[in-house]
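Student: predicted model and sequence follow; I will ask about them next.
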Amino acid sequence: LDTVEDGAHEAWGEGSMRRVSKVVQIIINALSILVGFTWEQTFDGGVLAVASTTDYPVCMKLALTVVVIGVIIPAWRRFILVKVLHLRWLKHERRRAYLKGSFGTVEESEPLTTGRSDD
């Protein structure tokens, strides 16, 4: 998709770049959702297959769910949430710089943080 975007930029010039970038972003978002659903279905099938081999499949499914929650949520907080908050802060700063350049001054505001002590 990056190659398509670059080719469109070269063929149609700077004027169409915003529209082409928006279309590419929509396609990427759609593919991301499809990949997410695929992983969810695959993971659910794997948990069901493992749980069905035990004497207590419901308890095993619950135990596997708790283990996944214990692994995924800390990793999500440590990597994905931090990245999202950082990107949100960058967007805020970019907008503030744009408004400051357009209108002179803009009120200072606190940057978004994760609330962790190492920020």
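Tutor: Sure, I can see it.
Student: for the residue lying farthest from the centre of the chain, give its distance to Thr65.
Tutor: Seen from the C-alpha centroid of the chain, the residue lying at the greatest distance (C-alpha atoms, centre = their mean) is Asp55, 38.2 Å away. As judged by C-beta to C-beta, to the nearest Å, Asp55 and Thr65 stand 18 Å apart. Bear in mind the C-beta positions are built from the backbone N, C-alpha and C, glycine included.
Student: just to revisit the earlier point, what about the residue farthest from the centre of the chain, is that helix, strand or coil?
Tutor: coil (DSSP: H, G, I helix; E, B strand; the rest coil).
Student: which SSE is immediately downstream of the longest helix seen in the chain?
Tutor: Looking across the chain with DSSP state H, the single longest helix is helix 17-51. Counting by DSSP states H and E, the element after helix 17-51 in chain order, helix or strand, is helix 57-75.
Student: so Met17 touches Gly7, yeah?
Tutor: No - using C-beta atoms under 8 Å, Met17 is not in contact with Gly7; the gap is 11.7 Å.
Student: now Leu1, nearest residue through space, not along the chain?
Tutor: Val24 (5.1 Å; C-beta to C-beta, 6 or more residues apart in numbering).
Student: separation between that neighbour and Val58?
Tutor: Val24 is 44 Å from Val58, by C-beta to C-beta.
Student: any chance of the backbone angles for Thr54?
Tutor: phi -100, psi 170 (degrees, to the nearest 10).
Student: any idea how far Lys61 lies from Ala8?
Tutor: From Lys61 across to Ala8, the span is 47 Å (C-beta to C-beta).
Student: and Gly101, by the same measure?
Tutor: Counting by C-beta to C-beta - Gly101 and Ala8 are separated by 29 Å.
Student: next, give phi and psi for Asp55.
Tutor: phi -70, psi -30.
Student: I should have written Ser52 there, sorry.
Tutor: Backbone dihedrals for Ser52, given as degrees, to the nearest 10, come out at phi -70, psi -10.
Student: quick check: the gap between it and Arg95.
Tutor: 52 Å.
Student: and what of Ile73?
Tutor: Taking C-beta to C-beta, one finds Ile73 at 31 Å from Arg95.
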